[in-house]
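> Fold the following and give me the result.
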Amino acid sequence: QGELCQQLRQQYQACLIDEFQDTDPDQWRLFSTLFSNGDTHWLFLIGDPKQAIYSFRGANLLTYFAAVKAARFHHTLDTNYRSHPKLIEGFNQLFAEVGDEKTFLSEDCLYQPVNSGRKADELAFTLAGQPMETIRIVRGQGLADMEEATCQQLARDVVRVLKAGQLQQQPVKPGHIAVLVKNNTDALRVQKALRQVKVPSVLTSKTSVWHSDSAKALLQLLQAILHPRQRAHVRAVLAGPYFQYTLSDLDDEARYAAAQLMLSTALQRWQQEDVLSALLHLFQQAQVWHRLARLPDGDRRMADTRHLLELLQSQAHQQQGSPQALMRWAIHQHQQAADEHHTLRLEKDDDAVEIVTMHSAKGLEYPIVFIYGAWRGGVVRSQKYPLAKPTPYGKKACFSKEDKDELIAQEQQELRRLFYVACTRAISHLTIYWPNADKAQKYWPDALNGILRPRLSALCASALFRFDDYEDKSAPLSAWIPQQADAPLVAPP
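Below is the predicted model of the structure:
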């Protein structure tokens, strides 16, 4: 009832909150206080409980359910304008409510079939001339190394799509493809496999650019510029990615002296002009961009370095301080920064397969999607007490086995919702890897087993699904770069 509340109520008669399923109790308390008076104000809550995947950020689905029960009017959005009509039909079968166990393990979060709002010919995808607007599930049986086998299978499949795939009668490009993974470790595994078959890829990450290898290299360079007479600083930067000196190069006093002179000149330019001018001049003198480009992850390093240079120049302009002050700021960013504004950028998103975590992919869409890692289970069982238990009013500490079992159940629900979010990013085609298809998990199964097993017979009989098995290949992955554009989907090259 304070002055600020009155001002906001006078200024705004209606409030629309999108992604409301990700609301926490404090946020809901604030907005309900401001706008819940239905006689004079309207409060619209737009959300999908099946896409609630951010509990680790404080989002509380119980808050959503409490708000839904309190709402006077309910409306449903039942048309999907993203995906191919056949994919929509496939999703309706994949997530259909069957048997006693609910798809998302909750009576409050049921799957409702949706309609398609797109024409099939607008989103056509063919492979070797055959329509492939389907959900493809690749099963593994008795794999010795599940991770390695899945990465290699995925890499082979991506190569085939690039060689023989067409979207609306146009060749598939790497930028049409996304690989959705469970975590950053999976992302690196997948990128390594794609690199082996010469497929360009980029990682979309929420990791701060200040925590990257490029940031470490730039900090080393700044230290060497500020202290060109300190041999340890100079040798560290000369042995790094910018100069790439060998041990014999480092022992060459003439080359060392030339590099030392470049660093001293850069310091003078920094003091007389600015940090960006100094670094760009040094990069040109030492051919730094050329050296970075030759590294296996050169695109990534160049994108990060350009981004870091922009951030340095922006801070220098705001700070108007000494080079030493800017150096202290950069070191602090490296140690502490986690600001989303500084997250890693894509280097060539049109020319590369995008590798992105399932959480980060929420709200995005891709013509062709491969899902890696959906077979992973949760982590609550291995955690120690006390645990934080969500309630409609916030979190409370819990110590009992009953509370822990409840948290495990909530985690299983969220894993299934995360799998749903990942699947529904696809526009024209979806491939899901199921490497442990021969191993039933009886206790707290992962999302993939939990959803696929009860529906397996129906899905196998459906024309909307294609089931393939992992290929047993002893040849190195590099041998799978196909020479013919009409290579079939499953047969070896």
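> residue boundaries of the strands in the stretch 251-400 of the chain?
For the stretch 251-400 of the chain, the strands defined by DSSP state E, counting those that start in this stretch occupy 353-357, 366-372, 387-391, 394-398.
> List of residues touching the first one?
The list of residues contacting strand 353-357 from outside it, by Cβ atoms under 8 Å, 6 or more residues apart in numbering, reads 158, 174-175, 177-184, 187, 190-191, 194, 199-206, 346, 364, 366. C-beta here means a position set from N, CA and C on the backbone, and glycine is covered the same way.
> Can you say which of the residues you listed are buried?
Among those, those classed as buried by 16 or more other Cβ atoms under 10 Å are 158, 174-175, 177-182, 187, 190-191, 194, 199, 201-205, 346, 366.
> Narrow those residues to those in strands?
Mapping those onto strands (DSSP state E) picks out Ile177, Ala178, Val179, Leu180, Val181, Ser201, Val202, Leu203, Thr204, Tyr366.
> Which two of the residues you listed have the greatest separation?
Leu203 and Tyr366 (14.8 Å; Cβ to Cβ).
> related to what we said a few turns ago, is it possible to get the ones in strands among the buried ones among the contacts of strand 353-357 out as a markdown table so that each row also shows pLDDT and distance to Arg301?
As requested, these are arranged in a markdown table below (pLDDT from 0 to 100; distance: Cβ to Cβ, whole Å):
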| residue | pLDDT | distance to Arg301 |
| --- | --- | --- |
| Ile177 | 97 | 23 |
| Ala178 | 96 | 22 |
| Val179 | 98 | 21 |
| Leu180 | 97 | 24 |
| Val181 | 94 | 21 |
| Ser201 | 90 | 14 |
| Val202 | 86 | 12 |
| Leu203 | 81 | 12 |
| Thr204 | 75 | 16 |
| Tyr366 | 94 | 25 |
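> nearest to Trp375, of these?
Val181 (11.8 Å).
> Can you pull out the low-pLDDT segments for the stretch 351-493 of the chain?
379-396, 440-445, 472-493 (pLDDT under 70).
> quick one, helices of it?
Counting by DSSP state H, counting those that start in this stretch, the segments of the stretch 351-493 of the chain that form helices are 358-361, 401-423, 447-452, 456-460.
> Can you tell me which of those helices is packed in deepest?
Neighbour counts (mean count of other Cβ atoms under 10 Å) averaged over each of the helices of the stretch 351-493 of the chain peak at helix 447-452, with a mean of 22.
> Contacts for it next, please.
Residues from elsewhere that reach helix 447-452 (Cβ under 8 Å, 6+ apart): 94-95, 103, 105, 137, 374-375, 412, 415-416, 418-419, 432, 434, 436-437, 440-441, 459.
> ditto for stretch 308-327
Contacts of stretch 308-327 from elsewhere in the structure, counted by Cβ under 8 Å, 6+ apart, are 209-210, 214-215, 218, 222-223, 225-226, 267, 270-271, 274-276, 279-280, 329-330, 333, 342.
> how far does that stretch stretch from start to finish?
Taking Cα to Cα, to the nearest Å, stretch 308-327 runs 13 Å from one end to the other.
> chain center to that stretch: distance?
30 Å (Cα atoms, centre = their mean, to the nearest Å).
> Alpha carbons only: can I get the strand ranked longest in the chain in PDB?
If you go by DSSP E, the chain has its longest strand at strand 426-434. Extracted in PDB, the C-alpha atoms of strand 426-434 (Å, rounded to 0.1, in the frame of the first residue of the first chain):
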ATOM      1  CA  ALA A 426      13.400 -29.200 -33.500                       C
ATOM      2  CA  ILE A 427      11.700 -27.800 -36.500                       C
ATOM      3  CA  SER A 428      12.100 -30.500 -39.200                       C
ATOM      4  CA  HIS A 429      14.000 -33.500 -37.700                       C
ATOM      5  CA  LEU A 430      15.000 -34.900 -34.400                       C
ATOM      6  CA  THR A 431      17.500 -37.600 -33.500                       C
ATOM      7  CA  ILE A 432      17.700 -39.000 -30.000                       C
ATOM      8  CA  TYR A 433      20.600 -41.200 -28.800                       C
ATOM      9  CA  TRP A 434      19.600 -44.000 -26.300                       C
END
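> Now do it: which elements does it pack against?
Where contact means 3 or more Cβ pairs under 8 Å, 6 or more residues apart in numbering; DSSP states H and E, strand 426-434 is packed against helix 85-94, strand 135-139, helix 146-164, strand 366-372, helix 447-452.
> Please work out which of the ones you listed is packed deepest.
Ranked by mean neighbour count under mean count of other Cβ under 10 Å, the helices and strands packed on strand 426-434 are led by strand 366-372, which reaches a mean of 24.
> now that strand: how far from the chain's centre is it?
Offset of strand 366-372 from its chain centre (Cα atoms, centre = their mean): 12 Å.
> That strand: partners in the sheet, and parallel or antiparallel?
Using DSSP bridges, strand 366-372 pairs in its sheet with strand 177-181 (parallel), strand 426-434 (parallel).
> contacting residues around that strand?
123, 125, 150-151, 154, 157-158, 161, 165, 167, 172, 176-182, 186, 190, 354, 358, 419, 422-423, 425-433.
> what about 7 Å?
125, 150, 154, 157-158, 161, 167, 172, 176-181, 186, 190, 422-423, 425-433 (Cβ atoms under 7 Å, 6 or more residues apart in numbering).
> what's the answer for stretch 102-112, then?
49-50, 65, 76, 78, 95-97, 409, 412-413, 416-417, 451.
> Could you tell me which residues within it count as buried?
By neighbour count on 16+ other Cβ under 10 Å, the buried set for stretch 102-112 is Lys102, Thr103, Phe104, Leu105, Ser106, Cys109, Tyr111.
> which of the ones in strands among the buried ones among the contacts of strand 353-357 lies closest to Arg231?
Nearest member of these to Arg231, counting by Cβ to Cβ, is Leu203, at 35.6 Å.
> wait, doesn't that closest one sit right on Lys192?
No: assessed by Cβ atoms under 7 Å, Leu203 is found out of contact with Lys192, at 11.3 Å.
> Kindly export stretch 153-171 (C-alpha atoms) in CSV.
Only the C-alpha atoms of stretch 153-171 are listed here, as CSV (Å, rounded to 0.1, in the frame of the first residue of the first chain):
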residue,chain,number,x,y,z
GLN,A,153,27.6,-42.4,-33.9
LEU,A,154,26.5,-38.8,-33.7
ALA,A,155,29.5,-37.6,-35.7
ARG,A,156,28.7,-40.1,-38.5
ASP,A,157,25.1,-39.1,-38.5
VAL,A,158,26.0,-35.4,-38.8
VAL,A,159,28.3,-36.1,-41.7
ARG,A,160,25.6,-37.9,-43.6
VAL,A,161,23.1,-35.1,-43.0
LEU,A,162,25.6,-32.6,-44.4
LYS,A,163,26.4,-34.7,-47.4
ALA,A,164,22.9,-35.9,-48.4
GLY,A,165,20.4,-33.8,-46.5
GLN,A,166,18.2,-31.1,-47.9
LEU,A,167,15.9,-28.5,-46.3
GLN,A,168,13.2,-27.3,-48.7
GLN,A,169,15.3,-28.7,-51.6
GLN,A,170,18.4,-26.8,-50.5
PRO,A,171,21.5,-28.4,-49.1
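> Distance from the chain centre to it, please.
Averaging C-alpha positions (Cα atoms, centre = their mean) puts stretch 153-171 21 Å from its chain's average.
> from here on, count from 21
Will do, 21 is the new start, and the previous item becomes stretch 173-191.
> Report the mean confidence score over that stretch.
Across stretch 173-191, the average pLDDT comes to 95.
> on that earlier part again, possible to save the strands paired with strand 386-392 as TSV with distance to Ala278?
Below are the strands paired with strand 386-392 laid out as TSV (distance: least, Cβ to Cβ, whole Å):
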stretch	distance to Ala278
strand 197-201	44
strand 446-454	52
